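Colleague: A structural model of the following input is requested.
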Amino acid sequence: MPTCIEGHSSKADDYCDVCGAPIGSSAAQPDSPPAPEAQACPACGMPVSGRFCEACGHDSALPEPAAGSPAAAPEAKSVGWTAVVNADRDFYERVVAREGPDTVEFPPFFPERRIVLEGNTTLIGRHNREQGVEPEIDLGIHPVDRGVSTQHAVLRVRDSGLTVTDLGSTNGTSLNGSEDLLPEGEETPLADGDRIHIGAWTTITILQS
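Modeller: Coordinates of the predicted model:
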């Protein structure tokens, strides 16, 4: 006669007719299947318990993506760049010492400006609506650095990183405290933290994010 897990003899062979406990193979089976254990999504690494990852939408029924393939990880955010514009007293004094645009006075107050580079090309200069020039980094906003040309320089985002090109400005463009001016029309690579000096007192620090 079948015996349940509680030790009762039962006429039924599936559930004990004394206490209702499962008998035989039924005893090894829980009343309900256990919740599936969360696993890491092979595409993005986030915990996932179903077929589709709620974070990136990867279908776990598909073959696991090969390392280094576009599907091996969520699409990484592209490198971002920010231009931080400041009035630079040290640069101004160097400009005056080399007989630069000394008619331009250093501003008594200049609030720091942070400009996120949105496109692949960013013009640095001073706006001139009659000529249709609207620079993304507009240094024609008060207080104006009149040593900056209307179309002074341009920043370009390349696959290899960010570059700066002087566009034939009147007073030139230099980097990181150097007295050497960049060659007109020649792209120069930039790195995180590089300082671009233009006009009479403007320094633009490039930050990577």
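Colleague: who touches the residue nearest to residue 9 when sequence neighbours are not counted in this structure?
Modeller: Leaving out its chain neighbours, the residue that sits closest to residue 9 by CB to CB, 6 or more residues apart in numbering is residue 1, at 4.7 Å. Just so you know, the C-beta spots here come from the backbone N, C-alpha and C atoms, and that holds for glycine as well. Neighbouring residues of residue 1 by CB atoms under 8 Å, 6 or more residues apart in numbering: 9-11.
Colleague: List the buried residues of stretch 164-176.
Modeller: 164-167, 169, 171-175 (16 or more other CB atoms under 10 Å).
Colleague: What is the end-to-end distance of that stretch?
Modeller: From its first residue to its last, stretch 164-176 covers 13 Å (CA to CA, to the nearest Å).
Colleague: and what of stretch 114-125?
Modeller: End to end - CA to CA - stretch 114-125 spans 15 Å.
Colleague: Next, the buried residues of it.
Modeller: For stretch 114-125, a neighbour-count test (16+ other CB under 10 Å) marks 115, 117, 122-125 as buried.
Colleague: Over to stretch 83-95?
Modeller: 83, 85-88, 91-92, 94-95.
Colleague: quick one: which two of the residues you listed are the most distant?
Modeller: Farthest pair in the buried residues of stretch 83-95 (CB to CB) is 83 and 94. Separation: 20.9 Å.
Colleague: Can you tell me which of the buried residues of stretch 114-125 lies closest to residue 191?
Modeller: Using CB to CB, residue 117 comes nearest to residue 191 of those, at 14.7 Å.
Colleague: I'd say the closest one and residue 82 touch.
Modeller: Yes: with contact defined as CB atoms under 8 Å, residue 117 reaches residue 82; the gap is 6.9 Å.
Colleague: Serialize the buried residues of stretch 114-125 to JSON lines and add fields for distance to residue 150, pLDDT and secondary structure.
Modeller: JSON lines is the format used below for the buried residues of stretch 114-125 (distance: CB to CB, whole Å; pLDDT from 0 to 100; DSSP: H, G, I helix; E, B strand; the rest coil):
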{"residue": "115", "distance to residue 150": "18", "pLDDT": "96", "secondary structure": "strand"}
{"residue": "117", "distance to residue 150": "20", "pLDDT": "96", "secondary structure": "coil"}
{"residue": "122", "distance to residue 150": "15", "pLDDT": "97", "secondary structure": "strand"}
{"residue": "123", "distance to residue 150": "10", "pLDDT": "98", "secondary structure": "strand"}
{"residue": "124", "distance to residue 150": "10", "pLDDT": "98", "secondary structure": "strand"}
{"residue": "125", "distance to residue 150": "5", "pLDDT": "97", "secondary structure": "strand"}
